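> predicted model, plus sequence, below.
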Amino acid sequence: MQTPRSLVALLARRAADQGNDRAYVFVSDRGTEEAVLTFRQLHDASRALASRLTMVAQPGERAILVFPPGIEFMAAFFGCLMAGIIAVPMMMPRRNSARDASAAILANCEPAIALTTSAFALRGDLQARFAQENIRWIEIDLAADASATVDLPEPAPDDIAFLQYTSGSTSEPKGVMVSHANLLANLEMIRLALGNTRRSTYVNWVPLYHDMGLILNALQALYVGAPCVLMAPNAFMQRPLGWLRTISHYRAEVACSPNFGFDLCVSRYRADQMQGIDLSSLKVALNGAEPIHAETIERFIATFAPHGFDPRAMYPAYGMAEATLLISGGTRGGSHLTRSVGRAVLQAHVTEAPTDPDDAQIVVGCGRALAGERIAIVEPERRTRLAADRVGEIWVSGANVARAYWRNDTATHEGLGAEIAGETGLWLRTGDLGFLAATGDLFVTGRIKDLIIIRGINHYPQDIERTVQSLDDGLRENCGAAFSVSDESGEEALVIVQEVERTARHSIDPAEIRGRIREAIADSHELSARHIALIRPGALPKTTSGKIQRKLARKLWLDGSFEEIV
């Protein structure tokens, strides 16, 4: 297809060519259709909103998008693009919570307006939360008359479409300035990598304020002219098999989730609840946004292959907001790639086959660089390019990489304007560790800032966390944090913070399980777990995509803010 100049032009094309086709469908937790928008309805509702926005805000001003699950978000997003207002998707602030990033985001982007639904505009605590910011609230009306709209200039390719705030798993959130050119470049890269067409129906539960939910699902579906079926994230968390039922019902080809979502489907599997569910339509089950575990993939395949799931549909991928979204991926139907490496040599940033089965660690390939993009593995201190199979920092260059962070020149220079020694050209420093195989396949091994260094040896926290969670069903999967703190002598000491399943809180013996954790970590990692905190479900801080916020967990532990199960 001929690439449009902007997302606004793309939506106008969809409204003209596929006006009556369904663009977005929102279903309840029981699968009932609650709302539908055709491409023409989306275009008209967005255009009507854009006309309203031009009367209350100037082009270039920011609008926060604060929405419950539903389809109104999409009209708000496109309305901002049409009016030249910079959209800022935001997680709905939690009631009485000081842990979310909303205050930092508001202070950084200084929005003039807030867009929401009529129901949420009435939420008293929400109004109070933003009262001091002097923000004008505007409610979305999907039935607004678009006949009296004003003429609006089409955005230029370099115009900022929206600010995508980073998840803040290791730092304060930063606003990535995503241009129309960045978006269109990455959407085309995704189309080529996933092999999507107008028939590639999506089913998505990931929140639309998250880049996976917005770009990889909602915008990519619109880019190829396919319908996107939306579910509430809470509905998925409570009934994950409902996601699979919806995929079956709509004969969806594409579904995306962080790794924990696939784990959740397996843990909640019930044969009686899967009756009549046929997953044979699913061509791309994309796993990304957090560390990908080989065991998760194997368990999902083993559990759902009897229900028509094709193992070749499993699609590990890698991406981040600074690259608009997707950085690497495989090919449709190409299955996934794993490699067994020695854990001990991996700690020294070398990848070799394990010499002992007990030393083996399985790492998952996240595909290759996308069309028109380059990936390099770089030694982060000397900034020199590393050869194949050497572990270093993952650097990325391409038309999908954003040029700047909003009002953060230091982070822009350090993170988005890096140069490889002896070479020309600017690169994105991802902060992630990994290696490239000789085939060009990327393997992600961890994050630089999360590395635990004790007595000069590197340890990946996710490996330690998996060791802990494999010990007992009462220890929640994907709900633990390993980090180090300095003890009285100045040496680094290992700390484990681990959630306990609600059903196991009264049956588990805390002293006994701590002993087992210490023994397992000593056996598998040759480390001593100095401190082990067992905490209630939901207490561990996570980002919107489910990543463990180890830096914040460390602060909360040091502050004594975790209520331990004794």
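Now that the structure is in, tell me what you want to look at.

> what's the end-to-end length of stretch 279-294?
Using CA to CA, to the nearest Å, the end-to-end distance of stretch 279-294 comes to 21 Å.

> now swap in stretch 525-543 and tell me
With CA to CA as the measure, stretch 525-543 spans 27 Å from end to end.

> distance check, the nearest residue to residue 373 once chain neighbours are set aside against residue 186.
Excluding the flanking residues, the one nearest residue 373 by CB to CB, 6 or more residues apart in numbering is residue 398, at 3.4 Å. Placement of C-beta: from N, CA and C, glycine included. The gap separating residue 398 from residue 186 is 8 Å, by CB to CB, to the nearest Å.

> who has more neighbours, those two?
Comparing residue 398 with residue 186 by other CB atoms under 10 Å, the one with more neighbours is residue 186, at 30 against 21.

> centre of the chain versus the secondary structure element (helix or strand) that the more buried one belongs to, how much separation?
Residue 186 is part of helix 180-194 when elements are defined by DSSP states H and E. Computed by CA atoms, centre = their mean, to the nearest Å, the chain-centroid distance of helix 180-194 equals 17 Å.

> any idea which helix or strand in this structure has the lowest mean pLDDT?
Counting by mean pLDDT, DSSP states H and E, the weakest-scoring helix or strand in the chain turns out to be helix 124-129, with a mean of 64.

> ok, then the element right after it?
Following helix 124-129 in sequence, per DSSP H and E, is strand 136-139.

> pLDDT at residue 485, what is it?
Here the pLDDT value assigned to residue 485 is 86.

> hang on, it packs against residue 555?
No: Residue 485 is not in contact with residue 555 according to CB atoms under 8 Å; the separation is 10.3 Å.

> OK, contacts around residue 190?
196, 215, 216, 220, 223, 325, 326, 329, 370 (CB atoms under 8 Å, 6 or more residues apart in numbering).

> export the residues you listed to CSV and tack on pLDDT, distance to residue 2 and neighbour count?
Shown next, in CSV, are the contacts of residue 190 (pLDDT from 0 to 100; distance: CB to CB, whole Å; neighbours: other CB atoms under 10 Å):
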residue, pLDDT, distance to residue 2, neighbour count
196, 95, 17, 24
215, 96, 21, 24
216, 96, 22, 28
220, 97, 17, 26
223, 97, 13, 23
325, 95, 22, 27
326, 97, 22, 27
329, 96, 24, 26
370, 97, 20, 25
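
> what about those residues, which are in helices?
220, 223 (DSSP state H).

> out of the contacts of residue 190, which sit inside strands?
326, 329 (DSSP state E).

> got a list of what the closest residue in space to residue 69 that isn't next to it in sequence touches?
In this structure, residue 69 finds its nearest non-sequential neighbour in residue 232, 3.7 Å apart by CB to CB, 6+ apart. Contacts for residue 232 (CB under 8 Å, 6+ apart) come out as 28, 29, 68, 69, 205.

> relative to residue 141, how far out is residue 232?
Distance, residue 232 to residue 141, by CB to CB: 21 Å.

> what do you get for residue 393?
Using CB to CB, residue 393 is found at 47 Å from residue 141.

> the more surrounded of these two?
Shown here are residue 393 and residue 141; by other CB under 10 Å, residue 393 has more neighbours (22 against 15).

> hmm, residue 382 and that one touching each other?
No: using CB under 8 Å, residue 393 makes no contact with residue 382, being 11.0 Å away.

> so which residues of the stretch 1-150 of the chain form strands?
22-27, 33-38, 62-66, 86-90, 113-116, 136-139 (DSSP state E, counting those that start in this stretch).
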